[in-house]
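Student: Next comes the sequence, and after it the predicted model I'd like to discuss.
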Amino acid sequence: MALTPDTEAAPGTAAETTRGPQLPYDALLLYSFGGPNKPEDVVPFLRNVTAGKGIPDSRLEEVGEHYYGFGGKSPINEQNLALQAALEGELAARGIDLPVVWGNRNWEPYTRDAVEQLKEMGVQRAVALVTSAYSSYSGCRQYREDLAVTLDGLGDLGPEGSRSVQFDKVRSYFNHPGFAQANIDAVVDGYRALAEKDGAELAAEARLVFVTHSIPDTMEAASAVSGATYSQQHLDLAAVVAAEVSTVLGHPVEWTLAYCSRSGPPSQPWLEPDVNDHLGELAESGVRSVVISPIGFISDHMEVAYDLDTEAIATAAELGLAAVRAGTVSTRAPFVSGLVDLVLERAALARGDEIVQQTVGTLPAYRSVCRPGCCRRRDGEDSGVPALCSEALNS
Ligand SMILES: CC1=C(CCC(=O)O)c2cc3nc(cc4[nH]c(cc5[nH]c(cc1n2)c(C)c5CCC(=O)O)c(CCC(=O)O)c4C)C(CCC(=O)O)=C3C
Ligand SMILES: [Fe+2]
């Protein structure tokens, strides 16, 4: 397994021509949120997610019911196993020898299980790929903190260079062409499904409603430290996706961005409009059909299965809107190969190569080594929690 850095590879050897590029990594950590597998997991999982975050009990009971309604099992773990297999397939197809290890912040296999597995495998340096495409506390720093705290718990959080496993992180990839293309394909399929279900006329005039996870306004403001805020990142990608969908379908596509899954106390402002309220406004303004695209999520987990497929689709039906929920990027080929491109890009950066970072839209590539203060939960707040993959551990 131990991979030789590029600089040591003899060019033109059989090893280089029959195998893919040599990377400075011994493993890829597929790093996700986690979710319950059975009813008994639901409450302990929710406790893990909400520890110290001020989520009201009423909200927890409500969210627990969403999971019980699906037999206590979230689709997220199977989605991650499928993504792990797809990444392994793509790496193998390109001749890249890089084992993929899966770990989660909030459920088994936990981050700690993954780090222990990496250590047992003798991995010295790993590249981490989080299953969140956008930069905010929830999608960036929270993962980096969890990794640092996990290493600390194992007694391994020495200064860089002395850690049991070194971690590099793939940049937030919302504006990578692979993620964009997979979303474009999924939305085009959504319009075609709507045409099939409710006729060409309703499909042609359908409003494209992008949806993402709401976050508190305070977290949105703090995400600006990394550049464009969380919502601006979505708006930038949405414009690209909608324009390309319109080109493919050959007619104009009007679009908007809405949010789902808000929690927290009602007094705390979160990003709006909620997707259900938004559908109401659209129906009132004369819109007759919608395609709902969950660009905030990479796979069909509980937020998608409940908040969109159950709740939002029911809302649309009540309002008399013809509606289809477009797919997530999941294991679509452009997404999976884009992720492998991003791993290669991260490796090139680690080697100090001059590279061109691929992006779509108007925003630059986000940083893979985060700046001090990147993606804090609240502006100005120093949580005192260390975070990996940044310029300094405590920044
Ligand atoms: C931006 C974002 C993403 C997208 C990026 C990413 O994918 O990472 C995401 C994903 C997910 N969120 C998930 C589940 C939950 N999120 C919660 C709570 C929260 N999410 C937040 C933000 C996000 N969350 C926030 C600001 C909170 C408030 C508490 C806090 O500040 O942390 C709660 C507590 C109860 C509730 O409030 O709903 C649950 C159960 C699952 C698993 C689903 C499954 O099991 O299939 C996934 C993938
Ligand atoms: Fe969440």
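Tutor: Cool, got the structure. Ligands and ions are numbered 1, 2, ... in the order given.
Student: tell me which residues form a beta bridge with the closest residue to E205 other than its chain neighbours?
Tutor: The shortest distance from E205 to any non-neighbouring residue, by C-beta to C-beta, 6 or more residues apart in numbering, is to S289 (6.3 Å). The C-beta positions use only the backbone N, C-alpha and C, and glycine is treated the same way. Beta-bridge pairing for S289 (DSSP bridges): A322.
Student: what's the distance between S289 and L319?
Tutor: The gap separating S289 from L319 is 11 Å, by C-beta to C-beta, to the nearest Å.
Student: Of the two, which one has the most company?
Tutor: Neighbour totals were compared for S289 and L319, and S289 leads with 24 against 17 (other C-beta atoms under 10 Å).
Student: ok, that one - contacts?
Tutor: 194, 198, 202-203, 205-207, 321-323 (C-beta atoms under 8 Å, 6 or more residues apart in numbering).
Student: Make CSV out of those residues and add pLDDT.
Tutor: Output for these, formatted as CSV (pLDDT from 0 to 100):
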residue, pLDDT
L194, 98
D198, 98
L202, 98
A203, 98
E205, 98
A206, 98
R207, 98
L321, 98
A322, 98
A323, 98
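Student: with these in mind, which one is nearest to ligand 1?
Tutor: Nearest to ligand 1 among the contacts of S289 is A323, at 21.7 Å by C-beta to the nearest ligand atom.
Student: give the contact list for that closest one.
Tutor: 194, 279, 289-292, 312-313, 316-317.
Student: How about S164?
Tutor: 115, 119, 151, 154, 156.
Student: element containing the second one?
Tutor: This points to K119. helix 111-120 (DSSP states H and E).
Student: Quickly find the element holding the nearest residue to A333 once chain neighbours are set aside.
Tutor: If the residues on either side of it in the chain are set aside, A333 comes closest to A182, at 7.8 Å by C-beta to C-beta, 6+ apart. Using DSSP H and E, A182 sits within helix 177-198.
Student: go on, A133?
Tutor: Counting by DSSP H and E, A133 is part of no helix or strand.
Student: Now do the residue minimising distance to the centre of the chain against A221, distance only.
Tutor: Among the residues of the chain, the one closest to the centroid is S132, at 1.7 Å (C-alpha atoms, centre = their mean). Distance, S132 to A221, using C-beta to C-beta: 19 Å.
Student: Distance check, the residue nearest to E205 against R207.
Tutor: From S289 to R207 the distance is 7 Å (C-beta to C-beta).
Student: Ligand 1 contacts on this structure?
Tutor: 33, 35, 46, 49-50, 53, 55, 59, 63, 74, 76, 131-132, 136, 138-139, 213, 215, 219, 261, 263, 296, 301-303 (C-beta under 6 Å from any ligand atom).
Student: Can you tell me which of those residues end up in strands?
Tutor: H213 (DSSP state E).
Student: Going through the residues of the chain next to ligand 1, which ones are buried?
Tutor: Taking 16 or more other C-beta atoms under 10 Å as the criterion, what is buried in those is 33, 35, 46, 49-50, 55, 59, 63, 74, 76, 131-132, 136, 138-139, 213, 215, 219, 261, 263, 296, 301-303.
Student: list the contacts for the residue of the stretch 151-300 of the chain found nearest ligand 1?
Tutor: Of all residues in the stretch 151-300 of the chain, S263 sits closest to ligand 1, at 2.6 Å by C-beta to the nearest ligand atom. Counting by C-beta under 8 Å, 6+ apart, S263 touches 55-56, 59, 63, 270.
Student: what about 6 Å?
Tutor: 55, 59 (C-beta atoms under 6 Å, 6 or more residues apart in numbering).
Student: State the pLDDT value of it.
Tutor: S263 is assigned a pLDDT of 90 by the prediction.
Student: measure it to V304 for me?
Tutor: S263 is 16 Å from V304, by C-beta to C-beta.
Student: just P372 next, same as before
Tutor: Distance from P372 to V304, by C-beta to C-beta: 34 Å.
Student: Equivalent analysis for R125, please.
Tutor: Taking C-beta to C-beta, one finds R125 at 34 Å from V304.
Student: Between these two, which is the more surrounded one?
Tutor: Applying other C-beta under 10 Å to R125 and V304 shows that V304 carries more neighbours, namely 25 against 19.
Student: hang on, that one packs against P294?
Tutor: Yes. Counting by C-beta atoms under 6 Å, V304 touches P294, with 5.3 Å between them.
Student: now Q358, what's its secondary structure?
Tutor: Using DSSP: H, G, I helix; E, B strand; the rest coil, the secondary structure recorded for Q358 is coil.
Student: Now it: phi and psi?
Tutor: phi -70, psi 130 (degrees, to the nearest 10).
Student: Share the number of residues neighbouring the residue lying closest to it once chain neighbours are set aside, please.
Tutor: Of all residues not flanking Q358 in the chain, P177 sits nearest, at 5.3 Å (C-beta to C-beta, 6+ apart). A count of nearby residues for P177, using other C-beta under 10 Å, gives 17.
Student: Next one: P177 from S132, what distance?
Tutor: 18 Å.
Student: what two of the contacts of S164 have the greatest distance between them?
Tutor: K119 and L151 (10.2 Å; C-beta to C-beta).
Student: Looking at these two, which is more packed in?
Tutor: For K119 versus L151, neighbours defined as other C-beta under 10 Å are more numerous around L151 (21 against 14).
Student: OK, contacts around the more buried one?
Tutor: L157.
Student: Please, which helix or strand holds it?
Tutor: helix 142-153.
Student: Rounded mean pLDDT for that helix, please.
Tutor: Per-residue scores along helix 142-153 average to 96.
Student: can you list the residues that contact the very next helix or strand once past that helix?
Tutor: Per DSSP H and E, the first helix or strand lying C-terminal to helix 142-153 is strand 166-169. Here strand 166-169 makes contact (C-beta under 6 Å, 6+ apart) with 125-128, 346, 350, 368, 388-389.
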